[in-house]
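A.B. asks: When you get a sec, could you give me coordinates for this:
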Amino acid sequence: MPSVQEYLSEMRRDLVHGSGWYFEKISELLSGIREEELPALRRSLPSIRPGMASISNIYELLKTRDDWSTDEARDLGRKLSEFKALSFERLRRQARGTKIGRAVTISYSKAVELFLMEAGVESVTLIQSKPGNEWKVAQREYGKFAEVTLIPESAMIALMGNVDSVIIGFDGIFASGYLTNKVGTHPLCLAAREVGKKVVAVGESFKSSVKPPGNVFMINTRISGKKVVIPLFDFVPLNLVGLLVTDIGTFVSPKVRDVVALHEEFIKKMIPGKGATPMQGKQ
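C.D. replies: I've put the predicted structure just below:
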């Protein structure tokens, strides 16, 4: 099995995958971790991708105690992996009740891919979000089941009339009233509001957090040969989201209390006895 440092290096280099991939990688790492590697993992997690709640949630779980044994850490990794697999199947069931013919989206998300497939989407307008090349993955994967048209960010509002809904993923959804997603998502949601299109946010409950997102990951890029530092994620107010589709339930006009309930449900599964109250998605 690769070492902690090899896993961390891979995650730091990556500029394509979304929050769920990092959750899966860290869960896999924990499942086979060695005793001497656990402190290094705990120290490193906060700096991998600030703004990704899937990572910060695992970090918060590891912070609940200072005396994790190797077996306990491995057991947590297995529980996280099982939770992710189950949440994906539950998310699939939630998505089946939605029918959308034409959608516009940004970046790449496995959760969004699943939703688009289950919703029977026939055409996808894909915004070429930069920096990063994840749009190439989105174009390839979404193109397996729908016609994909790639457009620049500058054309998003001009072509908004050609779609039924805006579908976005999220790297984190926070009780402070925001979600984070690839930079360019906020103007996309504002454009949707301008022309009266619904924004549907799709993601798993392990991406929810009761803590504020803090600083987000910054990326170095070059524009016309000049170095520019920009945030990798946008902060999108929840009031721009018309529908939140998760593995736990579907929420119309999601509120802060819904985010709190999502997070409590996740924590309850990881730490028995935390006592989250039962929740119902509002269909």
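
A.B. asks: Identify each buried residue in stretch 81-89, please.
C.D. replies: For stretch 81-89, a neighbour-count test (16 or more other C-beta atoms under 10 Å) marks 81, 83, 84, 87 as buried. Where C-beta positions appear, they are placed from N, C-alpha and C, glycine not excepted.

A.B. asks: Now do the helices in this protein.
C.D. replies: 4-13, 19-31, 38-48, 53-63, 70-95, 110-118, 134-142, 185-195, 256-270 (DSSP state H).

A.B. asks: For residue 156, find the nearest of the ones you listed.
C.D. replies: Residue 156 sits nearest to helix 185-195 of all these, at 5.2 Å, using C-beta to C-beta.

A.B. asks: Just the CA coordinates for the closest one, please, in CSV.
C.D. replies: Coordinates of each C-alpha in helix 185-195 appear next as CSV, following Å, rounded to 0.1, in the frame of the first residue of the first chain:
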residue,chain,number,x,y,z
THR,A,185,-20.3,28.7,-10.0
HIS,A,186,-21.4,31.8,-8.2
PRO,A,187,-21.8,33.9,-11.5
LEU,A,188,-23.5,30.8,-13.1
CYS,A,189,-26.1,30.8,-10.2
LEU,A,190,-26.6,34.6,-10.5
ALA,A,191,-27.2,34.2,-14.3
ALA,A,192,-29.7,31.5,-13.5
ARG,A,193,-31.6,33.8,-11.2
GLU,A,194,-31.5,36.6,-13.7
VAL,A,195,-33.4,34.5,-16.3
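
A.B. asks: Now do the domain split for the chain, please.
C.D. replies: Structural domains annotated on the chain: 4-92, 96-270, as defined by automatic domain parsing.

A.B. asks: mean confidence for the longest one?
C.D. replies: Domain 96-270 shows an average pLDDT of 94 in the prediction.

A.B. asks: That one spans what distance, first to last residue?
C.D. replies: 27 Å (C-alpha to C-alpha, to the nearest Å).

A.B. asks: need the contact list for residue 106.
C.D. replies: 126, 127, 129, 168, 181, 182, 184, 185, 188 (C-beta atoms under 8 Å, 6 or more residues apart in numbering).

A.B. asks: how much space between it and residue 147?
C.D. replies: 17 Å (C-beta to C-beta, to the nearest Å).
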